[in-house]
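Student: How does the following fold in three dimensions:
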Amino acid sequence: MSGSCVGALACTLLLAMPAARAEGLPEALVKAYQTNPQLNAERARQRATDENVPQALAGYRPQIAASLSVGLQAVRDLLPGNVIQTATLKPWQIGLTVTQTLFNGFKTANSVRVAELQVQSGREALRNVGQGVLLDAVTAYTNVLANQTLVDAQRSNVAFLKETQAITQRRLNAGDVTPTDTAQAEARLNRGLADLNAAEVNLAISQATYAQVIGNAPSQLRPAETVDRLLPRSREDALAIALREHPAVMAAGYDVDVASTSIRVAESSLMPNVTLQGSVSKNRDSDTSLSTFGTDQASVIGQVTQPIYDGGTAASQTRQAKEVAAQSRLVLDQVRNQAKTAVVSAWVASEGAKIAVSASLSEMKAAEVALAGVQKEAAGGQRTTVDVLNAQQDLITARARLIGAQRDRVVASYTLLSAIGHLDVKTLNLKTPDYLPEVHYHQVRDAWHGLRTPSGQ
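Tutor: Next comes the predicted model:
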């Protein structure tokens with residue numbers, strides 16, 4: 001195999017394919033963003049979290065209850081003169097009660113605040129899951145590309161080794177080489193077949209992972225590009241952005257606010273409650289012996305309740321909330337440290353991948369030249385068959401290293417973008433509508449009734 005052909009195969013993660021049918025990385029990311037089950041499940045979880053707000057707001061609204069009772073009543077009266085009178089009565093009562101909480105120790109206000117903060121935290125958690133899904137999609141896409149290119153390289157290697165074995169066999173028949181040369185050529189061919197089989201296995205695994213993450217089996221993929229243009233210029237800038245904008249850090253910050261506000265919710269159980277209750281009722285009784293046949297009532301009652309001692313439940317809940325708040329602050333520190341570590345690791349990996357690609361490309365070019373030279377020298381009797389086989393092995397190793405380095409280069413750039421919290425649809429300018437969780441939030445926030453979700457379920 002000529003050196004120019006080898007270079008054409010190894011310098012890019014590109015498959016020979018019609019451009020019209022090729023699928024690029026942006027299109028694969030769009031499919032993953034729209035159809036990935038993990039991401040859609042997280043969106044559903046966030047919609048459920050939105051419902052905490054109208055549930056908390058219900059504390060401001062009146063509670064209305066209607067009652068109806070109807071029955072049969074057997075009566076046996078003993079009258080003077082030992083006269084017994086029996087009757088079957090059909091009493092019924094209907095009523096309506098409206099209860100309005102006027103003051104509950106600011107429990108409702110703080111509960112609403114907790115619910116709103118939970119929504120904010122949930123949105124950041126959703127954004128973080130979205131980043132993870134997109135990064136998984138990038139990894140799956142580049143793995144398929146790299147493994148397919150490696151399979152092609154191994155097939156070319158097998159073809160070269162078969163040709164070398166055939167040449168060696170002809171030279172053995174002519175008496176130019178020994179049986180040892182033929183055995184070496186055969187051993188290298190079998191090694192190449194084993195390497196090809198391993199590459200095909202890895203390709204099948206990467207294709208299955210691609211289907212799981214993207215939502216469909218890979219067809220013809222275009223080469224993936226890095227996102228260096230979207231990355232900060234220095235590691236210090238990357239660290240500052242991550243600590244300020246990474247969704248995991250922001251979610252942990254909101255969780256601290258949730259825990260701090262929950263302390264005031266727990267303390268409200270120790271404060272007085274003021275309620276106002278209005279009721280109307282109509283009562284009818286068919287006992288003709290009674291002086292009153294029916295009763296109509298209407299009332300408005302104000303009630304003030306001050307807890308004195310509840311066995312220590314409220315006090316324990318307050319202490320518990322304080323400990324949870326302390327825990328959430330420690331978790332925030334932990335998440336910040338993790339974000340720093342992720343940025344540093346991603347930055348170093350990205351810079352290292354650039355060097356690896358350059359070094360691997362130089363190695364492959366040198367291996368091409370070396371193989372061509374060894375082949376010419378072997379034709380002139382200055383090199384042995386094993387020298388040619390070694391040179392070929394060096395070349396296929398260099399090609400595999402370059403393929404892996406190119407794959408790592410793309411993944412590292414996206415990993416760094418994720419580490420600073422910017423791996424999203426808007427930053428990547430993907431051609432798909434961005435999922436906006438606030439749309440559902442505003443649809444349900446002030447809903448006073450209704451069992452159907454905004455989607456019609």
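Student: For the rest of this, base every contact and every neighbour count on C-alpha atoms.
Tutor: Will do.
Student: just the helices in the stretch 51-200 of the chain please.
Tutor: Ranges of helices within the stretch 51-200 of the chain are 52-57, 107-174, 179-214, based on DSSP state H, counting those that start in this stretch.
Student: So which elements touch the longest one?
Tutor: Counting contacts by 3 or more CA pairs under 8 Å, 6 or more residues apart in numbering; DSSP states H and E, helix 107-174 packs against helix 3-10, helix 25-35, helix 37-50, helix 52-57, helix 179-214, helix 247-267, helix 385-419.
Student: Just give the nearest non-adjacent residue to the residue most central in space within the chain, would you?
Tutor: The residue lying closest to the centre of the chain (CA atoms, centre = their mean) is residue 129, at 2.5 Å. Distance criterion CA to CA, 6 or more residues apart in numbering; nearest residue to residue 129, sequence neighbours excluded, is residue 39 at 6.5 Å.
Student: Quick check: that neighbour touching residue 131?
Tutor: No: taking contacts as CA atoms under 8 Å, residue 39 lies outside contact range of residue 131: 9.6 Å.
Student: More neighbours: those two, which one.
Tutor: residue 131 (25 against 22; other CA atoms under 10 Å).
Student: Tell me who's in contact with that one.
Tutor: Contacts for residue 131 (CA atoms under 8 Å, 6 or more residues apart in numbering) come out as 418, 421, 422, 423, 424.
Student: next one: phi and psi at residue 296?
Tutor: phi -110, psi 130 (degrees, to the nearest 10).
Student: Tell me how far it lies from residue 71.
Tutor: Separation of residue 296 from residue 71 (CA to CA, to the nearest Å): 18 Å.
Student: got it, and residue 455?
Tutor: 43 Å.
Student: Neighbour count: the two, which is higher?
Tutor: Neighbours were counted for residue 455 and for residue 71 using other CA under 10 Å; residue 71 has more, 9 against 6.
Student: Report the contact partners of the more buried one.
Tutor: Neighbouring residues of residue 71 by CA under 8 Å, 6+ apart: 90, 91, 92.
Student: Now the last one. Nearest residue, chain neighbours left out?
Tutor: Excluding its sequence neighbours, the residue lying closest to residue 92 (CA to CA, 6+ apart) is residue 70, at 4.3 Å.
Student: Run a quick neighbour tally on the one you found.
Tutor: Neighbours around residue 70, by other CA under 10 Å: 11.
Student: so how far is residue 132 from it?
Tutor: Distance, residue 70 to residue 132, using CA to CA: 60 Å.
Student: could you dump the contacts of residue 131 to TSV with distance to residue 253?
Tutor: Formatted as TSV, the contacts of residue 131 follow (distance: CA to CA, whole Å):
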residue	distance to residue 253
418	19
421	15
422	18
423	20
424	20
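Student: Write a PyMOL command that selects only the buried members of the residues you listed.
Tutor: Buried residues within the contacts of residue 131, by 16 or more other CA atoms under 10 Å, are selected in PyMOL with:
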select buried, resi 418+421+422+423+424
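Student: Kindly reformat the contacts of residue 131 as a markdown table containing secondary structure.
Tutor: A markdown table is the format used below for those (DSSP: H, G, I helix; E, B strand; the rest coil):
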| residue | secondary structure |
| --- | --- |
| 418 | helix |
| 421 | coil |
| 422 | coil |
| 423 | coil |
| 424 | coil |
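Student: Out of the contacts of residue 131, which comes closest to residue 83?
Tutor: residue 424 (90.4 Å; CA to CA).
Student: excluding its backbone neighbours, what's nearest that closest one?
Tutor: Closest to residue 424 by CA to CA, 6+ apart is residue 131, at 6.2 Å.
Student: Look up how far residue 57 lies from that neighbour.
Tutor: Taking CA to CA, one finds residue 131 at 32 Å from residue 57.
Student: tell me the contacts of the closest residue to residue 136 other than its chain neighbours?
Tutor: Of all residues not flanking residue 136 in the chain, residue 213 sits nearest, at 6.9 Å (CA to CA, 6+ apart). When contacts are counted by CA under 8 Å, 6+ apart, residue 213 touches 32, 36, 133, 136, 137, 140.
Student: tell me the phi and psi of the second one?
Tutor: For residue 36, the backbone dihedrals (degrees, to the nearest 10) come out as phi -60, psi 120.
Student: which ones are touching it?
Tutor: Here residue 36 is in contact with 133, 213, 214, 215 (CA under 8 Å, 6+ apart).
Student: now those residues as JSON lines including distance to residue 170 and pLDDT?
Tutor: Listed next are the contacts of residue 36 as JSON lines, based on distance: CA to CA, whole Å; pLDDT from 0 to 100:
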{"residue": "133", "distance to residue 170": "55", "pLDDT": "96"}
{"residue": "213", "distance to residue 170": "51", "pLDDT": "94"}
{"residue": "214", "distance to residue 170": "50", "pLDDT": "93"}
{"residue": "215", "distance to residue 170": "51", "pLDDT": "89"}
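Student: From those, pick the one nearest residue 315.
Tutor: The closest of the contacts of residue 36, once distances to residue 315 are taken by CA to CA, is residue 133, at 43.0 Å.
Student: Measure how buried that closest one is and give me the count.
Tutor: 23.
Student: got it, and the one 5 residues further on?
Tutor: Taking other CA under 10 Å as the criterion, the count of residues near residue 138 is 25.
Student: what about it, distance to residue 124?
Tutor: Taking CA to CA, one finds residue 138 at 21 Å from residue 124.
Student: Where does pLDDT dip in the protein?
Tutor: By pLDDT under 70, the weakly predicted segments of the chain are 1-21, 286-292, 456.
Student: For it, list the residue farthest from the centre, please.
Tutor: residue 81 (86.7 Å).
Student: residue contacts, it?
Tutor: No contacts exist for residue 81 under CA under 8 Å, 6+ apart.
Student: Could you do residue 155 as well?
Tutor: residue 196.
Student: Next, work out how far apart it and residue 202 are.
Tutor: 14 Å.
Student: try residue 418
Tutor: For residue 418, the distance to residue 202 - CA to CA - is 26 Å.
Student: hmm, back to that, most widely separated two among the contacts of residue 213?
Tutor: Longest distance between any two of these is 13.1 Å, between 36 and 140; criterion CA to CA.
Student: Correct me if wrong: residue 280 contacts residue 68.
Tutor: No: Residue 280 is beyond contact range of residue 68, at 12.0 Å (criterion: CA under 8 Å).
Student: list the residues that contact both of the two?
Tutor: By CA under 8 Å, 6+ apart, the residues touching both residue 280 and residue 68 are residue 95.
Student: higher neighbour count, the two?
Tutor: residue 280 (15 against 12).
Student: Please list all residues in contact with residue 434.
Tutor: Applying CA under 8 Å, 6+ apart, one finds that residue 434 lies in contact with 425, 426.
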